[in-house]
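**Q** Sharing a model that was predicted from the sequence below.
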Amino acid sequence: MVGERGGVLTRPEYDGGSDPEVPVRPTTQRTTGDRIFRVVATGATSVSLIIVAVTFIFLVNGSRPALESSGVWNFFTGSIWNPTVGNFGVLGLLEGTLIIAAIAMVIALPLALAMALFINEYAPARLRRILTSVIDLLAALPSLLFGYWGLKALQGQLVPISTFLGSHFGAVPFLELSGHTPRLVGSAFIAGVVVAIMIMPIITSVSRDVMAQVPREQCEGALALGGTRWGMVREVILPYGKNGIVGAALLGFGRALGETIAIALIVSLVFKANTHILETGAGAIAPLIAIRFSEASSLERSALIAAGLALFLLTLAVSLIARRIVARSAAVK
Amino acid sequence: MDTEVLDLTALEAEDSPENDRPRRQRKLSGDDLAAATLAAISGGAFAWVLRILLGQHGIMGTAIWWYIGALVVFFLIIRDRTDSEGALDKIMTTLIWSAGVLVSALLVWMLSYLVFKGIPKITASFFSEDMSKVGPLTPGGGVKHALIGTIEQVGLATIAVVPLAVLTAIYLNEIGGRLAKPARFVIDAMSGLPSIIAGLLIYTIWVTYFGFSGIAGSMALLVLMLPTVTRASEEILRTIPDSLREGALALGAPQWQLILRIVLPTAMAGLVTATILGIARAVGETAPMLLTAFGSDSTNTNPFKGPQSDLPLFVWKLIRLPNETSQARAWAGLLVLVMLVLILFVTARYISGRSQKKLGRAS
């Protein structure tokens, strides 16, 4: 069947050459239909490329007025937010964003690893399916729910813990309280706990996939040599999955950096980093944009866009590194 | 060390390959149970003493101290009976089980709190009224306008996303041309994009020229959905065995027919699942909608003109009003939103479960 409807099978070859992720497959001579189809698919693919290029160009463009009015150097090294004189600095907000994300990571990472191990190694088969659903569902629920529940239900339970931590571990950096009657609602700590619950599912599911790739013989070998189950986890699974776990953690970290609504609902926003994490008031970029944007003057809008650009670059770096690490750890099988 | 026996008999009970591994016996021995009970009691005593010494710190604080105290005592008892390696194993098992229980409990707490708060306001009129004629203190009002907005915005976004995502996935997995490498890079970059940035983008390129509208919201959702649905679709295309492709080619099918008649129909269930999960994510997006659809209290059925509400915006606006009626409406709106997400989630699960069963029978 050579001609209109089909083609001659040609030898397998790389099409386009450089991408090792596309498997080598036999191909046929291209027909007119093939050419049309290729053009359509190429067009669809270039949409993603265009979107990212446009994002970059327009964010840079939109942030220009604010960068000019406060100076590029000032903007990235200052911690001031004064729309009336047009002086903006995003450093404090970036620090604040990092603080909340760091708190979230400290809580989410052990929880997610335990959860991944539980599903893969510890839980009985029937529970395993239920727990996978629980994790997937947690990942799918809207951040409004986490934020509102965190504000109304969880915060009341966490404030006594804040009091306790502050009054007995005040010597630890970040945990000190200022004054005798500090206000403890709407703090970075509470926002961090809520964000931790939100990023836990992604860390769990990515690290679970990595841990599942550990060769079964090695695990069984460890058990057969008389090791305990924790010994097997410690000596075989965790070292083997180390890179993937780091990647999963970074993915979660990237999510935490970009989380908007839950933080916006919980914290009382300030424009600089608050190193007293147990006390009211925290700064973060994404929630600031969500809350300020509609009421802002055009110059402040420009500053918010510039802050968004800074956040965009930060999350871009984090998520690209994370994806690279996860992909590499998946390739070494 | 009587529990250190490989339980090989358990293999006969469950014969899926996942379960085909040697497992340690899981049954708690009487000694362990006694140790655990003892540990729980001493943990309680520990928490009680701390409460007297250090003062109140809430139910959760007490629970944490009880847990830590119980864990330490449990470790000491087991170490006394066996060795520290065995004790450590028991402790880690306890910790890991606790994580599972904790996460499940959080989910149950969150959902039951939502239902408890949201259900009183859910009546038939809640779905047939909008917020244009009610103030913060008057009864009535509902989500009609928000529901219409959500359906239109998410619907339009989905109509655009599905062909784009599936074609991109086909390009990446079946064609693999020169764009494949940069496209993969860009999709990785986009998948980590904070949702508020998508809102900023659409604001600067669209809203500044054409004003707030539902379609602007759809565009923001498009930017957010595209990478996730593409990624999921590509993963599904990868699971299709090469033998199917080779068979089609050997019978003389050109590539476009192979893709349209063999690859896509085989992948259909998976693609539908990926799309539904993408929709479930998009339905709850709030941050980008603040800068694009903006929200409104009256019903706007035209997504192309004027601010339009949707469920997340409805909830967001009411949460921030400091009175009981508004808060109750917010909870009810959130309950409607979460129910929508749950329905989508369960549907996706059902479809993928059924197709997996089918595939399992075929192989």
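**A** Here it is on my side, so go on.

**Q** and A:I325, what does it touch?
**A** Residues in contact with A:I325 (CB atoms under 8 Å, 6 or more residues apart in numbering or on different chains) are A:N243, A:G244, A:V246, A:G247, A:L250. C-betas here are computed from N, CA, C, even on glycine.

**Q** Return the set of buried residues in the helix or strand hosting A:S319.
**A** Per DSSP states H and E: A:S319 is located in helix A:298-331. Residues A:299-312, A:314-316, A:318-323, A:325-326, A:329 are the ones in helix A:298-331 that count as buried (16 or more other CB atoms under 10 Å in any protein chain shown).

**Q** residues in contact with the most centrally placed residue in chain A?
**A** Central residue of chain A (CA atoms, centre = their mean): A:R255, 2.0 Å from the mean position. A:R255 makes contact with A:M198, A:I199, A:I202, B:G192, according to CB under 8 Å, 6+ apart.

**Q** Going toward the C-terminus from the host helix or strand of it, what's the next helix or strand?
**A** Using DSSP H and E, A:R255 maps to helix A:238-258. Of the helices and strands lying after helix A:238-258 in sequence (DSSP H and E), the nearest is helix A:261-266.

**Q** Show me what the helix or strand just after that next one packs onto, helices and strands only.
**A** Proceeding N to C from helix A:261-266, the next assigned helix or strand is helix A:285-292, under DSSP H and E. Helix A:285-292 is packed against helix A:91-117, helix A:261-266, helix A:298-331, helix B:195-202, helix B:287-290, with contacts defined by 3 or more CB pairs under 8 Å, 6 or more residues apart in numbering or on different chains; DSSP states H and E.

**Q** Those helices into JSON lines, with extra columns for distance to B:L156?
**A** Formatted as JSON lines, these follow (distance: least, CB to CB, whole Å):
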{"stretch": "helix A:91-117", "distance to B:L156": "32"}
{"stretch": "helix A:261-266", "distance to B:L156": "22"}
{"stretch": "helix A:298-331", "distance to B:L156": "24"}
{"stretch": "helix B:195-202", "distance to B:L156": "13"}
{"stretch": "helix B:287-290", "distance to B:L156": "13"}
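
**Q** can I get the ones you listed in JSON lines with distance to B:I59 and mean pLDDT?
**A** Compiled in JSON lines, the helices and strands packed on helix A:285-292 are given as follows (distance: least, CB to CB, whole Å; pLDDT from 0 to 100):
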{"stretch": "helix A:91-117", "distance to B:I59": "19", "mean pLDDT": "95"}
{"stretch": "helix A:261-266", "distance to B:I59": "20", "mean pLDDT": "95"}
{"stretch": "helix A:298-331", "distance to B:I59": "36", "mean pLDDT": "88"}
{"stretch": "helix B:195-202", "distance to B:I59": "34", "mean pLDDT": "94"}
{"stretch": "helix B:287-290", "distance to B:I59": "33", "mean pLDDT": "96"}
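
**Q** of all those helices, which lies closest to B:K144?
**A** Distance to B:K144, taken as CB to CB, is lowest for helix B:287-290 among those, at 17.5 Å.

**Q** Export the closest one to CSV, keeping only CA atoms.
**A** C-alpha atoms of helix B:287-290 as CSV (Å, rounded to 0.1, in the frame of the first residue of the first chain):
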residue,chain,number,x,y,z
ALA,B,287,-6.4,34.8,43.1
PRO,B,288,-6.2,35.3,39.3
MET,B,289,-10.0,36.0,39.1
LEU,B,290,-9.6,39.0,41.4
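
**Q** wait, does that helix make contact with chain A?
**A** Yes: judged by CB under 8 Å from any CB of the partner chain, helix B:287-290 comes into contact with chain A through B:A287, B:L290.

**Q** The helix or strand B:R329 falls within packs against which elements?
**A** Using DSSP H and E, B:R329 sits within helix B:324-362. Here helix B:324-362 touches helix A:125-140, helix A:143-149, helix B:84-118, helix B:144-170, helix B:264-283, helix B:311-319, going by 3+ CB pairs under 8 Å, 6+ apart.

**Q** Where does pLDDT dip in the chain?
**A** Using chain A here. Residues of chain A meeting the criterion pLDDT under 70: A:1-28, A:180, A:330-333.

**Q** switch to chain B, that's the one I care about
**A** In the predicted model, chain B carries pLDDT under 70 at residues B:1-28, B:56-57, B:358-363.

**Q** run the last query once more with 50
**A** B:1-15, B:363 (pLDDT under 50).

**Q** what residue lies at the spatial centre of it?
**A** Closest residue to the average C-alpha location of chain B: B:R281 at 7.2 Å, with CA atoms, centre = their mean.

**Q** Same list (the helices and strands packed on helix B:324-362) but as CSV, adding distance to A:L93.
**A** CSV is the format used below for those (distance: least, CB to CB, whole Å):
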stretch, distance to A:L93
helix A:125-140, 27
helix A:143-149, 19
helix B:84-118, 29
helix B:144-170, 29
helix B:264-283, 26
helix B:311-319, 21
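
**Q** I'd like to know how far the closest residue to B:P254 other than its chain neighbours sits from B:A180.
**A** Leaving aside its sequence neighbours, B:P254 sits nearest to A:T31 (CB to CB, 6 or more residues apart in numbering or on different chains; 4.3 Å). A:T31 sits 22 Å away from B:A180, going by CB to CB, to the nearest Å.

**Q** How about B:K144?
**A** From B:K144 across to B:A180, the span is 46 Å (CB to CB).

**Q** Let me see the contact set for the residue nearest to the centre of chain B.
**A** B:R281 makes contacts with A:A140, B:L224, B:M225, B:T228, as judged by CB under 8 Å, 6+ apart.

**Q** My read is that the second one contacts B:E285, right?
**A** Spelled out, that is B:L224. Yes: contact criterion CB atoms under 8 Å: B:L224 and B:E285 qualify, at 6.4 Å.

**Q** List the contacts of the closest residue to B:L201 other than its chain neighbours.
**A** Closest residue to B:L201 apart from its sequence neighbours, by CB to CB, 6+ apart: A:T55 at 4.9 Å. Neighbour list for A:T55: A:F312, B:L193, B:I197, B:L201, B:V223 [criterion: CB under 8 Å, 6+ apart].

**Q** Just put these in JSON lines and tack on distance to B:P136.
**A** Formatted as JSON lines, the contacts of A:T55 follow (distance: CB to CB, whole Å):
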{"residue": "A:F312", "distance to B:P136": "37"}
{"residue": "B:L193", "distance to B:P136": "35"}
{"residue": "B:I197", "distance to B:P136": "32"}
{"residue": "B:L201", "distance to B:P136": "33"}
{"residue": "B:V223", "distance to B:P136": "34"}
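
**Q** Buried only: go through those for me.
**A** Among the contacts of A:T55, those classed as buried by 16+ other CB under 10 Å are A:F312, B:L193, B:I197, B:L201, B:V223.
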